[in-house]
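S.K.: when you get a sec, could you give me coordinates for this:
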Amino acid sequence: MITIICTTNRRPSNSRLVSEFYQTLLTTAGEESTIMDMADLPSDFTSTALYEKAGSNQAFNSLMEQIQNCEKFVFVVPEYNGSFPGVLKAFIDGLKYPASFKDKKCALVGISSGTQGGALALSHLTDIFNYLGMNVLALKVRMPRIEASLIEGKITDKFSLELLDMQVDQFLKF
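M.R.: Residues are numbered from 1 along each chain as shown. This next block holds a predicted model:
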């Protein structure tokens, strides 16, 4: 089972639509997956689930257990101010270190309104995952100008579709 993580807590979000689209690609390839959405995090998790309060927020603990029990992840990452959403960093900081991601595998998909497709966000996140011992698939899909290529929940840009198909194929073999 692969966990797709929608890494923003914004509702509604293009990241959620891309996560759902990615899930259909995995289903078509015969792979089971689930979506974990940062929008479903407890609104108070930074004050009730981190550091000295670790383990005291049952809703956060449930998400942490899902991470612990999964070996492969796809992160759909919007670019926020030249990096990834802060809620994702806070979530990562609340997980058990290093067991949550050590020796596990992930694929990264970056999206942005601009022309870089989240390149800086993916770079920053790759550095963090390398530090945590996560194996990051080399093919990182960057989807610039996401609003123009995401129509009614489907990716319409042919190049992005080709890259996503290649990534899914590589990730399933990874």
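S.K.: now do L150 against T156, distance only.
M.R.: L150 is 7 Å from T156, where distance means Cβ to Cβ, to the nearest Å. For the C-beta atoms, the positions are set from N, CA and C on the backbone; glycine is no exception.
S.K.: tell me which residues in the strand or helix carrying I67 are buried?
M.R.: Assigned by DSSP states H and E, I67 belongs to helix 58-68. Within helix 58-68, the residues scored as buried using 16 or more other Cβ atoms under 10 Å are F60, L63, M64, I67.
S.K.: next one: stretch 43-50
M.R.: F45, T46, A49, L50.
S.K.: let me know the pLDDT of G55.
M.R.: Per-residue confidence (pLDDT) for G55: 87.
S.K.: identify the residue nearest it in space, chain neighbours excluded?
M.R.: N61 (6.4 Å; Cβ to Cβ, 6 or more residues apart in numbering).
S.K.: what mean pLDDT does the strand or helix carrying D169 have?
M.R.: In the assignment (DSSP H and E), D169 maps to helix 158-173. Average pLDDT, helix 158-173: 97.
S.K.: tell me what that helix is packed against?
M.R.: With contacts defined as 3 or more Cβ pairs under 8 Å, 6 or more residues apart in numbering; DSSP states H and E, helix 158-173 has these neighbours: helix 14-28, strand 105-111, strand 141-143.
S.K.: report all helices and strands that the last one contacts.
M.R.: Helices and strands touching strand 141-143, as assessed by 3+ Cβ pairs under 8 Å, 6+ apart, comprise strand 105-111, helix 158-173.
S.K.: mind listing what's buried along the following helix or strand past it?
M.R.: Using DSSP H and E, the next helix or strand after strand 141-143 towards the C-terminus is helix 146-149. Neighbour-count burial for helix 146-149 flags I146, S149 (criterion: 16+ other Cβ under 10 Å).
S.K.: if we can go back for a sec, more neighbours: L150 and T156, which one.
M.R.: L150 (19 against 11; other Cβ atoms under 10 Å).
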